[in-house]
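# Build the 3D model from these lines:
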Amino acid sequence: MRPGDTLSLTVEKAAAGGRMLARHEGRILLVSGAIPGEQVQARIDQVKGGVVFGSTVSVDVPSPDRRSAGPDPSCGGNLFAHIAYARQLTLKQEIVRDAFARIAHLPVPDEVVVHASPERGYRMRARLHVHGDRVGFYREATHTLCDPAATGQLLDATVTVIHGISEALRSGRVAHASALEIGENIDASQRTIALELHADQQERGQWEGVLKVSATTGAAVTRRGQVLASRGDLSVRDVLEIDTPSGIGGLVLARQVGAFFQGNRYLLQTLVTRVLALLSPGALVDLYAGCGLFGLAHAAAGGGPVTLVESDRLALEDLRANARPYPGDATVISAPVEQFVGSGDAIGAPSVLVDPPRTGLSRGVAAALAASSASRVVYVSCDVATLARDVRALVDGGFRLRQMELFDLFPNTAHVETVSLLDRD
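I've put the predicted structure just below:
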């Protein structure tokens, strides 16, 4: 099998990453643009490490779940766009179960709730690439830009801002930008942008056109994380409903453009509510706390004192500001998680919340959790493979996987957010 060959394949199942698994003459192929159960003609694009990667060029026997062409499937997260949405959710459940069977050698709980999302306009954080005066997402596995409007992920008003940035770059002769960060609040009443310049380029500062584009909140031009010029407030704010002992209250969270935050405006409130439901009353340690989304929600709900650990500069600035209304209940620790868990009996609380990056927990953090006195871990994950690996380590350390929920934060992609509850017998 060589690149350019076309093969007739029967597609077996979905694989992590968005492609579908098929076999030909004993070889495994990962094919884009197909659906399990279909018979397709696929062109081989690449052979790498014994795995063949291909693309569907025609469908001989279509699935009943195939839908008419919508967003460009190769543009910025639309590999599942050709699949009916209900089937997408089923496939994501299957991807999670398969990863746990292969990597963790564990079954997932029988009842796995999947929280669905509207497919359009869901995204309130985005990082786009800039080539000259063009701004867009990359096509899958390339450095070719595509129009973000074609993906359907962003609100129309957001796309208008992006096109305005392109025009400002064209007319303002800002020639050395590399990326554009966009952050919005849930209702998009606030929006802030940051245009990032190449680290090794010295721009002359003709940025006024760029700074005027995002009039809703603020805009900045940055290099190496340093703000060179700005206009307005570079943070957006959301108020989340929290069930407190005295009734429904509000948790105010501010975040700067560029700081990590959950990206789906439609599921954010549900995600926080469900995480709170899994946390035990009492002291909590929140590792990888970010701006305080989950840990401060626990404090605001009267759940108990929380220790929040974060090391990223932007997230830490936001976290400290957001924690000020809870002086007796929120303690902010500026340290890498690995350093924190290595300092004696740092995990002294009965409950621990972890929301690590895609790489998951380091071996040291997983070992520290397993050796701690904590009786409950709530694990928020954006990568099912590292989640399965880490759950296996925690189970080997005496925990049991009790519950799992899926949140479709990125419709039309293979990505799925999971919230898992582990406790000790």
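# so where's the protein shaky on pLDDT?
Residue ranges of the chain with pLDDT under 70: 69-71, 173, 203-205, 344.
# Please state the offset of the helix or strand containing Val221 from the chain centre?
For Val221, the host element (DSSP states H and E) is strand 218-223. Distance of strand 218-223 from its chain centroid, counting by CA atoms, centre = their mean, to the nearest Å, is 23 Å.
# Partner strands of the helix or strand just after it and their direction?
Using DSSP H and E, the helix or strand that follows strand 218-223 in sequence is strand 226-232. When pairing is defined by DSSP bridges, strand 226-232 lines up against strand 218-223 (antiparallel).
# Name the residues that touch the strand holding Val221?
Identification of contacts with strand 218-223 by CB atoms under 8 Å, 6 or more residues apart in numbering yields 174, 192-199, 203, 207, 210-213, 227-235, 257-258. C-beta: built from backbone N, CA, C; applies to glycine.
# what comes up buried for it?
For strand 218-223, burial by neighbour count (16 or more other CB atoms under 10 Å) applies to Gly218, Ala219, Ala220, Val221, Thr222, Arg223.
# Closest one to Pro325 out of the residues you listed, please.
Gly218 (23.0 Å; CB to CB).
# Which residues are in contact with the nearest residue to the closest one once chain neighbours are set aside?
Leaving aside its sequence neighbours, Gly218 sits nearest to Gly232 (CB to CB, 6 or more residues apart in numbering; 3.1 Å). When contacts are counted by CB under 8 Å, 6+ apart, Gly232 touches Thr192, Ser214, Ala215, Thr217, Gly218, Ala219.
# Heading C-terminal from the helix or strand encompassing Val31, find the next helix or strand.
Using DSSP H and E, Val31 sits within strand 27-32. Next helix or strand after strand 27-32 toward the C-terminus (DSSP H and E): strand 39-48.
# Pull the residues that contact that next one.
By CB under 8 Å, 6+ apart, the residues outside strand 39-48 that reach it are 1-11, 22, 29, 31, 33-34, 52-61.
# Please pick the buried ones from those.
Using 16+ other CB under 10 Å as the burial test, those include 7, 9, 11, 22, 29, 31, 33-34, 52-56, 59 as buried.
# chain center to stretch 98-113: distance?
Relative to its chain's centre, stretch 98-113 lies at 21 Å (CA atoms, centre = their mean).
# any idea which of the contacts of Gly232 is closest to Cys382?
Cys382 lies nearest to Thr192 out of the contacts of Gly232, by CB to CB, at 22.9 Å.
# What pairs with the helix or strand where that closest one lies, parallel or antiparallel?
Assessed by DSSP H and E, Thr192 sits inside strand 191-197. Strand 191-197 pairs in its sheet with strand 177-184 (antiparallel), strand 218-223 (parallel), by DSSP bridges.
# could I get the last one in PDB with only the CA atoms?
As requested, the backbone C-alpha atoms of strand 218-223 are provided in PDB (Å, rounded to 0.1, in the frame of the first residue of the first chain):
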ATOM      1  CA  GLY A 218     -10.800  45.300  24.700                       C
ATOM      2  CA  ALA A 219      -7.900  44.500  22.400                       C
ATOM      3  CA  ALA A 220      -4.200  44.100  22.700                       C
ATOM      4  CA  VAL A 221      -1.100  43.500  20.600                       C
ATOM      5  CA  THR A 222       1.400  41.200  22.300                       C
ATOM      6  CA  ARG A 223       4.900  39.700  21.800                       C
END
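# quick one: Val239 and Gly249 touch, right?
No: if you go by CB atoms under 8 Å, Val239 and Gly249 don't touch, sitting 9.6 Å apart.
# of the two, who's got more company?
Taking other CB atoms under 10 Å, Val239 and Gly249 do not tie; Gly249 has more neighbours (15 against 12).
# where's the closest residue to that one other than its chain neighbours relative to Leu271, distance?
With sequence-adjacent residues excluded and distances taken as CB to CB, 6+ apart, Gly249 is closest to Ile242, at 5.0 Å. Noted for Ile242: a distance of 13 Å to Leu271, by CB to CB, to the nearest Å.
# Spell out which residues make up each domain of this protein.
Annotated domains of the chain cover 1-66, 125-232, 237-424 [automatic domain parsing].
# okay, the longest helix belonging to the chain in CSV with CA atoms only?
Criterion DSSP state H: the longest helix present in the chain is helix 156-172. Coordinates of the C-alpha atoms in helix 156-172 are reproduced here as CSV (Å, rounded to 0.1, in the frame of the first residue of the first chain):
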residue,chain,number,x,y,z
ASP,A,156,-21.5,35.5,13.4
ALA,A,157,-20.5,38.6,15.4
THR,A,158,-17.2,36.9,16.3
VAL,A,159,-16.5,36.1,12.6
THR,A,160,-17.2,39.7,11.8
VAL,A,161,-14.5,40.8,14.3
ILE,A,162,-12.0,38.3,12.7
HIS,A,163,-12.7,39.7,9.2
GLY,A,164,-12.2,43.2,10.7
ILE,A,165,-8.8,42.1,12.0
SER,A,166,-7.9,40.9,8.5
GLU,A,167,-8.9,44.3,7.0
ALA,A,168,-7.0,46.1,9.7
LEU,A,169,-3.9,44.0,9.0
ARG,A,170,-4.3,44.7,5.3
SER,A,171,-4.7,48.5,5.6
GLY,A,172,-2.4,49.0,8.7
